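Q: The following block contains a protein sequence and its predicted model.
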2 protein chains.
Amino acid sequence: MTTAEPHETIRVGLEERAYDILIGANLLERAGEEIAARMPGARAAIVTDENVAAIHLKALEAGLAKAGIQSTAVVVPAGEQSKSFSVLQTVVDAILAARLERRDVVIALGGGVVGDLSGFAAGIIRRGMDFVQVPTSLLAQVDSSVGGKTGINTAHGKNLVGVFHQPKLVLADTSVLDTLPEREFRAGYAETVKYGLIDRPDFFEWLEANWREVFAGGPARARAIAVACQSKAEVVARDERETGDRALLNLGHTFGHALEATTGYDSARLVHGEGVAIGMALAHRFSARLNLASPDDAVRVEAHLTQVGLPTKLSDIPGELPDAEQLLAYITQDKKVSRGALTFILTRGIGQSFIAKDVPSSEVLTFLRDSLAR
Amino acid sequence: MTTAEPHETIRVGLEERAYDILIGANLLERAGEEIAARMPGARAAIVTDENVAAIHLKALEAGLAKAGIQSTAVVVPAGEQSKSFSVLQTVVDAILAARLERRDVVIALGGGVVGDLSGFAAGIIRRGMDFVQVPTSLLAQVDSSVGGKTGINTAHGKNLVGVFHQPKLVLADTSVLDTLPEREFRAGYAETVKYGLIDRPDFFEWLEANWREVFAGGPARARAIAVACQSKAEVVARDERETGDRALLNLGHTFGHALEATTGYDSARLVHGEGVAIGMALAHRFSARLNLASPDDAVRVEAHLTQVGLPTKLSDIPGELPDAEQLLAYITQDKKVSRGALTFILTRGIGQSFIAKDVPSSEVLTFLRDSLAR
């Protein structure tokens, strides 16, 4: 037995699909016992990418072996390009070749790409295998590893193909975040801030006061991740399949996705979390312009994001941007556009986000023009 | 409005995923109004194969157009080879290119291959689009179109990749069966008989008396399809994801799948329904041999299948078969084998099937040796 270090446990309440998120230091070492306790007798396939494999694969394999869990590793190229039909097929074939059965387990060790890809593979092999997320980026720990959305990209857009497939367990090892590049940590922090802005004004205030400790690691970091996971877990439990208020989690994402698309998903220019940071700032500014919220709240959001080093304005993106008409075209292609009507997550103030349907595209266009001129 | 011809309606009781199966003549003409009533405003993508498209696509398109439903057709090559990753990707891309959204509908027009393939595509596009089955073979009407199993094949086996995705509606048009080749109709009849053998001895008796009318068409055919659908609907409602007694639907399938595999899925030698016919006969004979059931029941099952022209013995398959050891190897590769234990659907008599776990492989081997010698 390993020494049990303290960790936080969040329960995602989805009845027969309910699961735990464990958050704490050195959880990779404990992965085997946590999995064996929940899925006795299961064998494992670890899906990871080349970068993460180099740093963390051995520790996870050792953690599994300690509990007597045999594992096979499936290593895919790092980067968004792995969210494709061809890599999906490779992963599926490798798991089937290892002769894993329905009650064995697929473990995603990596960031959002690995989680989305291997969760999708787990969701379709034998019409659904057990699945464990071991997210290694802050973005994945606070967002993509929780909630069961999986998928790949196509020429028609990101995440247009996938399934809802809930994990049986999420192990958010806070120690692995020490190896993250600063820029990637910051991008994940943007998604953490999002939960404060949706409906937890106290959490936003706490982040304003404690963000340096969160960046430094230690208990404040674990706390921030736990609050984020708790927030997401509550939303997911209310609306697993995004037919209702789960859409609130898209705060900042409609603008953000359009910006990612216009920059050709070039991570040198913009990564997802940065797009979300700008998107959240725009959503607050747009809400103020529509007289839904006080402009002071937009200023405060922008100030905090800027303080931690995140971009908040269109002009913060290096290189050329298209004009407002083209940006709007990207927004209306977004899959969250239902039957041609424009749906945005807007706000009445910090921690008071809501789903606004039928936002007039003329208003969006004027706002984008002004934002480009800023 | 079309003249409403009489039809039978079976409700599959899956709470928020509940749906109707309509069974009757000339339902293609009414497809538009039935779909519009359940999915107002939806646009449609019809997925079909080259053979079915030539005979039935125009009628379905006209039936949709009458109710104002715009449709795009996606035509795939006929045959099992279309249940592949590459054809899946083609279908998904075509549906996305038509800019269908989550609340639009994918319509499967065809047999089991088209239903399994397009149901899988519908299940993964935007993490789940609405889906309607318009089965054009008897096999698909009584079996694969009901219950939500979808999938494709891989080098590692059939149907190893897929999702559970329930249709919103099944339209079983009994008129389209008039265009089926006799051999294909018979193969579907084997799956119809299966429901009698699982738990409806009265239905088996009715089929013994009325099979000629079922083959001829008319009300007896619609009745047989309705009973089969009702039986399957009840099993699916009890156990949607095959964690329990839905496995009863695999009566005849463990042997049947092994035979399909050993004949290289060569339809000149054996089609699925024929494999199931032989498998059901073997399951009854094996049950008698294990002293679970009277040998008379096995004789009676064999007599009825033979009477309608279905094969019942290994020697009914043209060409060479492998030896008993190799057949057993195919059986243990079947995905229904859980953790190495052999699970079979056996019977205590006609209409008294049950799930037998831990069947000794030595018994199976001896039985296969004797069956090969028969």
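A: Perfect, thanks for sending it. Note that the structure is a prediction, hence the values are computed from the model and not measured.
Q: For A:Asp143, list the residues it contacts.
A: A:112, A:188, A:191, A:228, A:232, A:249 (C-beta atoms under 8 Å, 6 or more residues apart in numbering or on different chains). For every residue, glycine as well, the C-beta is placed using N, CA and C.
Q: isn't the fourth one right up against A:Tyr189?
A: Think A:Ala228. No. With contact defined as C-beta atoms under 8 Å, A:Ala228 does not count as touching A:Tyr189 (9.9 Å).
Q: show me where pLDDT drops low in the stretch 1-150 of chain A?
A: By pLDDT under 70, the weakly predicted segments of the stretch 1-150 of chain A are A:1-5.
Q: what about the one helix or strand A:Gln326 maps to, average pLDDT?
A: Taking DSSP states H and E as the definition, A:Gln326 sits inside helix A:324-333. The average of the pLDDT scores along helix A:324-333 is 87.
Q: got the residues of chain A near chain B?
A: For chain A, the residues in contact with chain B (C-beta under 8 Å from any C-beta of the partner chain) are A:41, A:85, A:89, A:92-93, A:96-97, A:101-103, A:120, A:123-128, A:149, A:151, A:154-157, A:160-164, A:241, A:335, A:338-339.
Q: Please identify the buried residues of the helix or strand containing A:Phe286?
A: Under the criterion of DSSP H and E, A:Phe286 resides in helix A:272-289. Residues A:272-289 are the ones in helix A:272-289 that count as buried (16 or more other C-beta atoms under 10 Å in any protein chain shown).
Q: thinking again about what came up before, contacts made by the helix holding A:Gln326 with the rest, please.
A: A:157, A:254-255, A:257-259, A:261-262, A:321-322, A:337, A:340, A:342, A:361, A:364-365, A:368-369, A:372.
Q: Over to stretch A:243-254?
A: Contacts of stretch A:243-254 (C-beta under 8 Å, 6+ apart): A:143, A:147, A:190, A:194, A:197-199, A:232, A:235-236, A:238-240, A:275-283, A:331, A:334, A:336, A:343-345, A:347, A:353-355.
Q: Look at A:Val146 and say how many residues are nearby.
A: By other C-beta atoms under 10 Å in any protein chain shown, 28 other residues sit near A:Val146.
Q: Make sure it is actually in contact with A:Asp20.
A: No. Using C-beta under 8 Å as the test, A:Val146 is too far from A:Asp20 to be in contact (10.9 Å).
Q: So which residues of the stretch 201-350 of chain A form strands?
A: Under the criterion DSSP state E, counting those that start in this stretch, strands of the stretch 201-350 of chain A are mapped to A:344-347.
Q: Helices of that one, start to end?
A: A:201-216, A:219-238, A:253-262, A:272-289, A:295-307, A:324-333 (DSSP state H, counting those that start in this stretch).
Q: now do the stretch 51-200 of chain A
A: Under DSSP H, counting those that start in this stretch, the stretch 51-200 of chain A gives helices at A:58-66, A:85-97, A:112-124, A:138-139, A:182-199.
Q: Need the distance between the two termini of stretch A:139-155.
A: End-to-end distance for stretch A:139-155: 24 Å, by C-alpha to C-alpha, to the nearest Å.
Q: Just the buried positions in that stretch, please.
A: The neighbour-count check on stretch A:139-155 (16+ other C-beta under 10 Å) flags A:139-154 as buried.
Q: need the contact list for the closest residue in space to A:Thr150 that isn't next to it in sequence.
A: Leaving aside its sequence neighbours, A:Thr150 sits nearest to A:Gly119 (C-beta to C-beta, 6 or more residues apart in numbering or on different chains; 3.4 Å). Contacts for A:Gly119 were tallied using C-beta under 8 Å, 6+ apart; they are A:106, A:108, A:131, A:133, A:148-150, A:165, A:167.
Q: Okay, A:Asp178 and chain B: tell me how far apart.
A: 34 Å (C-beta to the nearest C-beta, to the nearest Å).
Q: Near that residue, how many residues? Count them for me, please.
A: Neighbourhood size, A:Asp178 [other C-beta under 10 Å]: 10.
Q: same deal with the one 3 residues further on?
A: A:Pro181 sits with 9 neighbouring residues when counted by other C-beta under 10 Å.
Q: roughly how far apart are it and chain B?
A: From A:Pro181 to chain B the distance is 31 Å (C-beta to the nearest C-beta).
Q: so A:Glu191 makes contact with A:Gly273?
A: Yes. Look at A:Glu191 against A:Gly273 with C-beta under 8 Å: they come within range, at 5.8 Å.
Q: any common contacting residues for these two?
A: With C-beta under 8 Å, 6+ apart, A:Glu191 and A:Gly273 have common neighbours A:Leu139.
Q: Name all residues that make contact with A:Val87.
A: Going by C-beta under 8 Å, 6+ apart, the list of residues near A:Val87 reads A:76-77, A:81, A:117, A:152.
Q: So which of the residues you listed wins on neighbours?
A: Sorting these by how many neighbours each has (other C-beta under 10 Å) puts A:Leu117 first, at 27 neighbours.
Q: Now for that residue: which residues touch it?
A: So A:Leu117 contacts A:47, A:76, A:82-83, A:87-88, A:91, A:108, A:150, A:152 (C-beta under 8 Å, 6+ apart).
Q: can you dump the C-alpha coordinates of stretch A:349-360 into PDB?
A: Below are the C-alpha coordinates for stretch A:349-360, written out as PDB (Å, rounded to 0.1, in the frame of the first residue of the first chain):
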ATOM      1  CA  GLY A 349     -23.000  40.600 -14.000                       C
ATOM      2  CA  ILE A 350     -20.200  38.500 -12.500                       C
ATOM      3  CA  GLY A 351     -21.500  35.100 -11.600                       C
ATOM      4  CA  GLN A 352     -24.900  35.800 -13.400                       C
ATOM      5  CA  SER A 353     -24.500  34.200 -16.800                       C
ATOM      6  CA  PHE A 354     -27.500  33.100 -18.800                       C
ATOM      7  CA  ILE A 355     -28.400  31.600 -22.100                       C
ATOM      8  CA  ALA A 356     -29.600  34.300 -24.500                       C
ATOM      9  CA  LYS A 357     -31.400  32.900 -27.500                       C
ATOM     10  CA  ASP A 358     -32.300  34.900 -30.700                       C
ATOM     11  CA  VAL A 359     -29.500  37.500 -30.300                       C
ATOM     12  CA  PRO A 360     -29.900  39.700 -33.400                       C
END
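Q: Give me the domain ranges for chain A.
A: In terms of domains, chain A is parsed into A:7-176, A:193-373 (source: automatic domain parsing).
Q: Just say which of those domains is most tucked in.
A: Across those, the average number of neighbours (mean count of other C-beta atoms under 10 Å in any protein chain shown) peaks for domain A:7-176, which reaches a mean of 21.
Q: Endpoints of that domain, how far apart?
A: So domain A:7-176: terminal residues 14 Å apart, C-alpha to C-alpha.
Q: roughly how far apart are the residue in the stretch 1-150 of chain A positioned nearest to chain B and B:Arg241?
A: Here the stretch 1-150 of chain A gets closest to chain B at one residue, A:Leu96, 4.0 Å apart by C-beta to the nearest C-beta. Per C-beta to C-beta, to the nearest Å, A:Leu96 is found 20 Å from B:Arg241.
Q: Over to A:Ala25?
A: Distance from A:Ala25 to B:Arg241, by C-beta to C-beta: 37 Å.
Q: before we move on, what about A:Val75?
A: For A:Val75, the distance to B:Arg241 - C-beta to C-beta - is 31 Å.
Q: before we move on, the earlier item: among the contacts of A:Val87, which are located in strands?
A: Members of the contacts of A:Val87 lying in strands (criterion: DSSP state E): A:76, A:152.
Q: Max pairwise distance over the contacts of A:Val87: which two?
A: Farthest apart among those by C-beta to C-beta are A:Pro77 and A:Ile152. That separation is 13.7 Å.
Q: Give me the residue ranges of the stretch 151-300 of chain A where confidence is low.
A: Scanning the stretch 151-300 of chain A residue by residue, none of them satisfies pLDDT under 70.
Q: Any chance of the backbone angles for the residue of it found nearest chain B?
A: Proximity of the stretch 151-300 of chain A to chain B (C-beta to the nearest C-beta) peaks at A:His156, 4.0 Å away. Phi and psi for A:His156, reported as degrees, to the nearest 10, are phi -90, psi -10.
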